[in-house]
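K.L.:
let me see the structure of the following:
(one chain, ligands or ions: 1)
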Amino acid sequence: MDHNHWLLLLIVVLFVLLVARVGKWLYRRRQAARRKIGGKKEERGAGTYDAIIVGAGPAGATSAYFLGCKGRKVLVVDKKKFPRPKPCGDAWCQPALGILEEMGVLSKMEADGVARRVTRGGFVSPSGIHCINTDGATYGSVTGCKTYAIKRRLADEYLVRAAAALVEVREGTTCFGASFGRGAWTVDLGSRTETSAVLIVCDGATSYLARSLGVLVEDDQPDSVCSHAYARAGSHAWRDADGVMLFNRALLPGYSALFRHADDDVYLGTYVLPGGAATSRSIAPFEADALRRHPYVVAALPEATLEWSERRVVAPIRTGGARVNLDAAPRCLLVGDAAGHVDPLTGEGIHTAMIAAKIAATCVDEMLVTSDFSRAAVEAYYLRCYDAFGFEFFSSSLAARIIYRCPLILDALAAVGASRGQTFLDFFGELMTGCRPKSDFLTAAPLLALRVALGVLYQVYVQKIRRTPPLQPVDIGQASVDKQAAAKNKRDKKDA
Ligand SMILES: Cc1cc2nc3c(=O)[nH]c(=O)nc-3n(C[C@H](O)[C@H](O)[C@H](O)COP(=O)(O)OP(=O)(O)OC[C@H]3O[C@@H](n4cnc5c(N)ncnc54)[C@H](O)[C@@H]3O)c2cc1C
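P.N.:
Residues are numbered from 1 along each chain as shown. As a prediction, this is how the structure comes out:
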């Protein structure tokens, strides 16, 4: 080896040592934050409540319920009176179901007939390969995973009532702002103010409160949108499944979904997720085109009989974890959509909101027990959330980028999945609903991953070399996405 090689080797060794050192330092810092070592003891302040929670969606109601279980004095306010409409796909994934059970509401909803278990499902790939309930087995029959369809208008009320049994809930009460001083938060509720030791912000994706407090960095706007509409029971012809994801090239990495409810209404929604070319304006033309030309949609929702029981609404979603400024407001925790606790690959955020809410309840209780309201104590909450689903969001983002660049993966996945029946669909369901990490696709099922990789090569051969026509039009909604991209380019050029 000459001098240059030795020098290179030395640099590599030093680099590895440096990385190891920094890694160890970061690890220790995180452990310290998690244990809240060094957190300064502080007076609780004269706040009337231990915590005020703004927003009573899944994040707020769940935080309130678990703080109530710990005997804490909590006030929850929501600007709406329940039941209230909430645009959502209404898919309650397994991790949320576990928490609903703990709160004692799932069995009530089942008994009242408002919750429907998904028993058949799957997805359609961009070129039209179906991987749906292929061998007639029930979803969950292999792994036990479950997903329920429960309309949010109904489910959220059950959650609020569960919380109201333990803590004070004020519906129809808007929070107009909050300020911190003398060890307590003062929350402006219009006609009066209330005070608390801790503020928990659960006011949804736009989170005006977190933005006005500076906890959410001003340019950290919701990065996704999704539509919501119900096809009325009796007016549709969808029989072969309860939940189906429809992937189309124009929308990738987003997708559309059909989802059947207990009253047989069918949800149709379209998720525009980060990393693709589509925008919120793509949704209406895409859905109109799909209702005319997508074979699966046309068969399920035939124009001749179709009636909408609710008009389409499009609502924002904040995915992948928000950038939070911990120094902007002390003793303040963001939970759920306000904190971007939504999976960037699926747009699902109910279960992550509820998991984060449980973590928030534990952390706030610890703060009150130890009188440690320090920055480190608040940071510990975000770190625990990161441990619970932060890496998952990273994997989802990566997966979204990959399928956007290479839609053939979805075709290969559908073809391979269809040949494996429910064993695959249960595994796929677990990956997509937060029951197991997405990295399990590579680590727990390497042979499946290998088959999909070979499947991609086969799809390259079929679609690019042999030029076999796809099973469905691959340009659904494409014209409007292209038009908007061109307009954006023009605007960008003009700005430059
Ligand atoms: C169309 C669509 C489809 C979706 N589909 C799914 C799905 O199928 N599965 C899934 O898991 N996730 C889905 N999501 C994401 C999911 O809806 C959210 O992640 C979830 O609602 C987060 O709950 P949250 O409590 O944080 O916020 P929200 O449910 O938005 O609740 C916020 C609450 O705060 C209240 N509020 C707001 N401002 C104030 C104020 N100033 N004062 C008082 N109260 C206030 C609001 O009235 C509201 O009740 C979807 C989202 C959209 C938009």
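
K.L.:
from now on I want contacts and neighbour counts done on CA atoms only, so please keep to that.
P.N.:
Will do.

K.L.:
make sure I have this right: residue 447 is in a helix.
P.N.:
Yes: counting by DSSP: H, G, I helix; E, B strand; the rest coil, residue 447 falls inside a helix.

K.L.:
any idea how far the ligand is from it?
P.N.:
According to CA to the nearest ligand atom, to the nearest Å, residue 447 stands 30 Å off from the ligand.

K.L.:
show the pLDDT at that residue.
P.N.:
Note for residue 447: predicted pLDDT of 93.

K.L.:
again with residue 22
P.N.:
As predicted, residue 22 sits at a pLDDT of 53.

K.L.:
looking at this, residue 196 is in a strand?
P.N.:
Yes: remark: residue 196 belongs to a strand, assigned using three-state DSSP.

K.L.:
what does the stretch 101-250 of the chain put close to the ligand?
P.N.:
173-176, 202-204, 226-228 (CA under 6 Å from any ligand atom).

K.L.:
out of those residues, which one sits closest to residue 61?
P.N.:
residue 202 (9.0 Å; CA to CA).

K.L.:
thought that closest one was touching residue 332?
P.N.:
No: the pair residue 202 / residue 332 is not scored as a contact, 10.8 Å apart, by CA atoms under 8 Å.

K.L.:
turn the residues of the stretch 101-250 of the chain next to the ligand into TSV, including secondary structure and neighbour count.
P.N.:
TSV is the format used below for those (DSSP: H, G, I helix; E, B strand; the rest coil; neighbours: other CA atoms under 10 Å):
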residue	secondary structure	neighbour count
173	coil	18
174	coil	17
175	coil	20
176	coil	14
202	coil	31
203	coil	27
204	coil	28
226	strand	23
227	strand	24
228	strand	21
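
K.L.:
just the closest of those to residue 321, please.
P.N.:
Distance to residue 321 across these (CA to CA) is lowest for residue 204, with 12.9 Å.

K.L.:
mind checking how far that closest one is from residue 79?
P.N.:
Taking CA to CA, to the nearest Å as the criterion, residue 204 is separated from residue 79 by 12 Å.

K.L.:
joint contacts of those two?
P.N.:
residue 55 (CA atoms under 8 Å, 6 or more residues apart in numbering).

K.L.:
tell me which stretches of the stretch 251-400 of the chain form strands.
P.N.:
Using DSSP state E, counting those that start in this stretch, the strands of the stretch 251-400 of the chain run over 255-260, 266-272, 308-317, 332-334.

K.L.:
so for residue 468, which of those sits nearest?
P.N.:
It's strand 255-260; of these, that one is closest to residue 468 (CA to CA) at 23.8 Å.

K.L.:
same for that closest one, what does it pack against?
P.N.:
With contacts defined as 3 or more CA pairs under 8 Å, 6 or more residues apart in numbering; DSSP states H and E, strand 255-260 has these neighbours: strand 243-246, strand 266-272.

K.L.:
any idea of the angle it forms with strand 266-272?
P.N.:
Between strand 255-260 and strand 266-272, the angle comes out at 160 degrees (axes from the mean of the first three to the mean of the last three CA atoms, to 10 degrees).

K.L.:
any residue of strand 255-260 touching the ligand?
P.N.:
No: shown here: strand 255-260 not in contact with the ligand (CA under 6 Å from any ligand atom), separated by at least 8.6 Å.

K.L.:
pairing partners for that strand, with directions?
P.N.:
Sheet pairing here is set by DSSP bridges, and for strand 255-260 it gives strand 243-246 (antiparallel), strand 266-272 (antiparallel).

K.L.:
please identify the deepest-packed of those strands.
P.N.:
Ranked by mean neighbour count, those are led by strand 266-272 with a mean of 26 (mean count of other CA atoms under 10 Å).

K.L.:
with just CA atoms, put that strand into CSV.
P.N.:
Below are the C-alpha coordinates for strand 266-272, written out as CSV (Å, rounded to 0.1, in the frame of the first residue of the first chain):
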residue,chain,number,x,y,z
VAL,A,266,-69.5,3.4,0.5
TYR,A,267,-66.7,6.0,1.1
LEU,A,268,-64.9,7.2,-1.9
GLY,A,269,-61.8,9.3,-1.2
THR,A,270,-58.6,10.3,-3.0
TYR,A,271,-55.4,10.9,-1.1
VAL,A,272,-52.8,13.3,-2.5
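
K.L.:
need the contact partners of that strand.
P.N.:
The set of residues external to strand 266-272 that reach it, using CA under 8 Å, 6+ apart, is 89, 224-233, 236, 251-261, 278-280, 283, 287, 347.

K.L.:
and it, what's its mean pLDDT?
P.N.:
Strand 266-272 comes out with an average pLDDT of 97.

K.L.:
now that strand against strand 308-317, angle please.
P.N.:
Using the same axes, to 10 degrees, the inter-axis angle of strand 266-272 relative to strand 308-317 is 30 degrees.

K.L.:
roughly how far out does strand 266-272 sit from the chain middle?
P.N.:
14 Å (CA atoms, centre = their mean, to the nearest Å).

K.L.:
and for stretch 48-64?
P.N.:
Its chain's C-alpha centre and that of stretch 48-64 lie 19 Å apart, by CA atoms, centre = their mean.

K.L.:
check whether it comes near the ligand.
P.N.:
Yes: remark: stretch 48-64 sits within contact range of the ligand at 54-60, by CA under 6 Å from any ligand atom.

K.L.:
go through the helix or strand containing residue 425 and flag the buried ones.
P.N.:
Element membership of residue 425 [criterion: DSSP states H and E] is helix 422-432. Neighbour-count burial for helix 422-432, with 16 or more other CA atoms under 10 Å as criterion, is recorded at 422-432.

K.L.:
where in this protein is pLDDT low?
P.N.:
Applying pLDDT under 70 to the chain picks out residues 1-46.

K.L.:
can you give me the helices in the stretch 51-200 of the chain?
P.N.:
For the stretch 51-200 of the chain, the helices defined by DSSP state H, counting those that start in this stretch occupy 58-69, 94-102, 106-111, 152-164.

K.L.:
which one of these lies closest to residue 355?
P.N.:
helix 94-102 (7.6 Å).

K.L.:
starting at the chain centroid, how far to the closest one?
P.N.:
On CA atoms, centre = their mean, the centre of helix 94-102 falls 15 Å from that of its chain.

K.L.:
check which helices and strands it sits against.
P.N.:
By 3+ CA pairs under 8 Å, 6+ apart, helix 94-102 packs against helix 106-111, strand 147-150, helix 350-370.

K.L.:
can I get the first one in CSV, CA atoms only?
P.N.:
If I follow you right, that is helix 106-111. What follows is helix 106-111, C-alpha atoms only, in CSV (Å, rounded to 0.1, in the frame of the first residue of the first chain):
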residue,chain,number,x,y,z
LEU,A,106,-65.4,-0.5,20.7
SER,A,107,-67.8,-3.0,22.1
LYS,A,108,-70.4,-0.3,22.5
MET,A,109,-70.1,0.7,18.9
GLU,A,110,-70.2,-2.9,17.8
ALA,A,111,-73.3,-3.4,19.9
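
K.L.:
would you mark the buried spots in that helix?
P.N.:
Those would be 106, 109, for helix 106-111 by 16+ other CA under 10 Å.

K.L.:
quick one: the nearest residue to residue 153 once chain neighbours are set aside and residue 155, what's the gap?
P.N.:
Nearest residue to residue 153 in three dimensions, chain neighbours excluded: residue 85, at 4.9 Å (CA to CA, 6 or more residues apart in numbering). Residue 85 sits 11 Å away from residue 155, going by CA to CA.

K.L.:
neighbour count winner among those two?
P.N.:
Shown here are residue 85 and residue 155; by other CA atoms under 10 Å, residue 155 has more neighbours (22 against 13).

K.L.:
excluding chain neighbours, what is closest to the more buried one?
P.N.:
Per CA to CA, 6+ apart, closest to residue 155 is residue 109, 7.6 Å.
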